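Engineer: got a predicted structure here, sequence first:
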Amino acid sequence: MQRRKFIQNTALFGSLAMVAPTNIMASTLSREFPVVRVPKEKRHFESKFIEDAIKEFKKNVKDEELSWLFNNCFPNTLDTTVTFSKKNGKPHTYVITGDIDAMWLRDSSAQVWPYMAFVDKDKDLKDLIAGVINTQTQYILKDPYANAFYNDPNKKGEWTTDHTDMLPGVHERKYEIDSLCYPIRLAYNYWKTTGDTAPFDADWQKSIRAILKVFKDQQEKDGTNPYHFQRTTPFGTDTRDLKGYGYPVKPVGLICSAFRPSDDSTVFSFLVPSNFFAVVSLNQAAEMIDALVGDAALSKELRALSAEVKQALQDHAIVNHPKYGNIYAFEVDGYGNHLLMDDANVPSLLSLPYLDAIDKDDWVYKNTREFVLSLDNPFFYKGKAAEGIGGPHVGVDMIWPMAITMQGLTSNSPAEIKKCIAMLKATHAGTGFMHETFHKDNPKNFTRSWFAWANTLFGEFLWKTYKESPELLS
């Protein structure tokens with residue numbers, strides 16, 4: 001089913017009183033926490049080490065509601081979205097987003113990312129993530145411009161009004177820089193954590209070359225673009241202007257992204273957070289190619305493009321704001337035009353330290369963070385229930401729990417981390433799970449009751465806090 005069809009505005013059970021952000025620490029739910037996790041016999045995959053982590057968290061965190069949320073959210077990807085198999089003797093893992101039977105390159109990487117901390121202990125979990133890498137490799141080789149795929153390679157996509165070059169097995173063909181960066185991030189960290197090189201075969205090497213070609217083509221240095229996309233739709237953010245090619249850019253070294261990680265179209269095609277992500281991913285790919293393949297020419301190309309994009313970001317992505325000083329724009333076009341905002345999905349400007357793209361103490365990032373977490377960001381909302389970043393994808397006044405989680409994950413402030421946890425705890429609308437969005441004044445008005453990325457990311461945030469600052473969970 002299509003993402004936009006999954007709008008659910010009622011909670012599954014329970015009710016939630018409205019509480020101002022200044023008093024968000026008070027729990028507003030009853031002290032009864034019903035069993036909402038999938039029964040053991042119906043779970044898609046179970047890891048003893050993940051279950052042990054849940055038990056450890058419950059034993060040592062005295063806040064019953066947080067323990068309940070961690071139990072529900074952290075294993076949600078494993079419980080409900082993964083399908084593991086062997087194909088030609090190699091692990092294969094298909095990962096749906098939750099309520100949509102399709103595998104996004106971005107979402108699938110992010111959904112299993114928090115389990116990387118356990119793969120050196122759990123062989124089955126290691127095989128599961130290796131299977132994600134193998135599956136992503138085949139998808140990239142099928143079409144590096146597509147963002148989401150079906151498990152059935154012959155299935156015809158359900159988008160019948162898309163004007164682009166669709167292939168069987170492709171669910172959606174929205175080209176996004178981050179969809180090609182996330183598989184590199186997952187592969188690199190899998191290799192660094194496990195030392196296993198099995199997924200990085202000739203096909204994987206071809207996928208890296210395909211990614212490099214897309215990124216170079218999308219610099220539009222010769223004034224042409226092999227990719228176009230239009231959709232017959234009432235949603236302007238689901239299509240591209242100018243016959244599907246988007247507004248012109250001046251070739252300055254940055255990489256175009258037709259769509260954002262929200263799957264919304266860009267206004268100016270040089271999407272700054274995604275270009276930062278590409279800088280990191282290209283260097284990671286180069287390191288792997290050097291160590292595993294020994295192809296010096298390819299690794300040199302990867303590093304050269306990374307360096308070029310990095311310099312272009314310094315030259316074209318920084319804007320002087322009258323209130324905040326130098327900040328990073330969200331999108332630019334190389335002509336001097338820019339868009340100042342931030343979006344809830346990752347990569348975002350807020351998330352750059354989480355993606356190892358920038359240091360938390362970088363002064364331009366700190367200025368940018370102050371801007372994006374203020375009402376000067378047109379997609380930052382402050383209401384009776386919470387405050388946080390939203391975006392165009394669902395609409396105004398809808399806060400994304402993912403953005404609140406990311407605010408906490410990128411914060412150095414104990415008070416801010418505690419506040420983010422409290423807001424997330426107070427806005428799940430009695431369901432025991434995170435959602436795509438909720439209304440700033442009414443968490444019972446939410447979208448997507450089953451969104452595994454948001455759940456697992458919240459679990460990652462709680463586990464990180466438990467390991468590093470357990471006192472913040474009391």
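Structural biologist: Happy to help now that I have it.
Engineer: outside of stretch 390-400, which residues touch it?
Structural biologist: 7, 237, 262-264, 343-345, 379-381, 383, 386-389, 403, 427, 436-441, 447, 454 (Cβ atoms under 8 Å, 6 or more residues apart in numbering). From N, CA and C alone the C-beta is placed, and that goes for glycine too.
Engineer: strands - which of those land there?
Structural biologist: Judged by DSSP state E, the contacts of stretch 390-400 include 380-381, 387-389, 437-439, 447 as members of strands.
Engineer: re earlier: narrow the contacts of stretch 390-400 to just the buried residues.
Structural biologist: 237, 262-264, 343-345, 379-381, 383, 386-389, 403, 427, 436-440, 447, 454 (16 or more other Cβ atoms under 10 Å).
Engineer: next, residue 90: phi, psi?
Structural biologist: Dihedral pair for residue 90: phi -110, psi 140, per degrees, to the nearest 10.
Engineer: which ones are touching it?
Structural biologist: 131, 134, 198 are the contacts of residue 90 under Cβ under 8 Å, 6+ apart.
Engineer: what's the span of stretch 143-156 from first residue to last?
Structural biologist: 14 Å (Cα to Cα, to the nearest Å).
Engineer: may I see the buried residues of that stretch?
Structural biologist: Neighbour counts over stretch 143-156 (16+ other Cβ under 10 Å) mark 143-151 as buried.
Engineer: pLDDT value on the residue nearest in space to the middle of the chain, please?
Structural biologist: Nearest to the geometric centre of the chain sits residue 346, at 4.1 Å (Cα atoms, centre = their mean). pLDDT for residue 346: 98.
Engineer: so it touches residue 357, yeah?
Structural biologist: No - distance between residue 346 and residue 357: 10.9 Å, which falls outside the contact criterion (Cβ atoms under 8 Å).
Engineer: need the residues touching each of these two.
Structural biologist: With Cβ under 8 Å, 6+ apart as the test, residue 346 and residue 357 reach no residue in common.
Engineer: where along the stretch 251-400 of the chain do the strands fall?
Structural biologist: 270-271, 318-321, 325-328, 331-332, 338-339, 380-382, 387-389, 398-399 (DSSP state E, counting those that start in this stretch).
Engineer: show me the shaky parts of this protein.
Structural biologist: Applying pLDDT under 70 to the chain flags the ranges 1-31.
Engineer: what about the helices in the stretch 51-200 of the chain?
Structural biologist: Ranges of helices in the stretch 51-200 of the chain, per DSSP state H, counting those that start in this stretch, are 64-73, 76-80, 105-112, 123-142, 177-194.
Engineer: show me the contacts for residue 49.
Structural biologist: 118, 121-122, 125.
Engineer: name the nearest of these relative to residue 111.
Structural biologist: For these, the minimum distance to residue 111 (Cβ to Cβ) is 13.1 Å, reached by residue 125.
Engineer: isn't the closest one right up against residue 119?
Structural biologist: Yes - using Cβ under 8 Å, residue 125 is in contact with residue 119, at 5.4 Å.
Engineer: thinking residue 227 is in contact with residue 257, fair?
Structural biologist: No - contact criterion Cβ under 8 Å: residue 227 and residue 257 do not qualify, at 10.4 Å.
Engineer: overlap of the contact sets of the two?
Structural biologist: 175, 218.
Engineer: hang on, the earlier thing: mean neighbour count, the strands of the stretch 251-400 of the chain: which tops it?
Structural biologist: strand 270-271 (a mean of 32; mean count of other Cβ atoms under 10 Å).
Engineer: what sits up against that one?
Structural biologist: 177, 249, 252, 254-257, 260, 316-317, 330-334.
Engineer: ok, back up a step: next up, the contacts around the residue nearest to the centre of the chain.
Structural biologist: Residues near residue 346 by Cβ under 8 Å, 6+ apart: 110, 178, 261, 354-355, 402, 406.
Engineer: gap between residue 306 and residue 347?
Structural biologist: Here the criterion is Cβ to Cβ, to the nearest Å. By it, residue 306 lies 15 Å from residue 347.
Engineer: higher neighbour count, these two?
Structural biologist: residue 347 (29 against 20; other Cβ atoms under 10 Å).
Engineer: so the more buried one is in contact with residue 278, correct?
Structural biologist: No - Residue 347 is beyond contact range of residue 278, at 9.4 Å (criterion: Cβ under 8 Å).
Engineer: still on that earlier bit, ok, and the most crowded of the contacts of residue 49?
Structural biologist: Neighbour tally across the contacts of residue 49 (other Cβ under 10 Å): the maximum, 22 neighbours, falls on residue 125.
Engineer: skipping its backbone neighbours, what lies nearest that one in space?
Structural biologist: Once flanking residues are discounted, residue 125 sits nearest to residue 47: 4.8 Å by Cβ to Cβ, 6 or more residues apart in numbering.
Engineer: and what of residue 61?
Structural biologist: residue 473 (4.9 Å).
Engineer: separation between the residue nearest to the centre of the chain and residue 55?
Structural biologist: 29 Å.
Engineer: kindly report the same for residue 449.
Structural biologist: Distance, residue 449 to residue 55, using Cβ to Cβ: 26 Å.
Engineer: swap in residue 330?
Structural biologist: Residue 330 sits 42 Å away from residue 55, going by Cβ to Cβ.
Engineer: the more surrounded of those two?
Structural biologist: residue 330 (27 against 12).
Engineer: contact partners for that one?
Structural biologist: Counting by Cβ under 8 Å, 6+ apart, residue 330 makes contact with 271-273, 338-343, 349.
Engineer: pretty sure residue 164 sits against residue 228.
Structural biologist: Yes - checked against Cβ under 8 Å, the pair residue 164 and residue 228 is within contact range at 6.2 Å.
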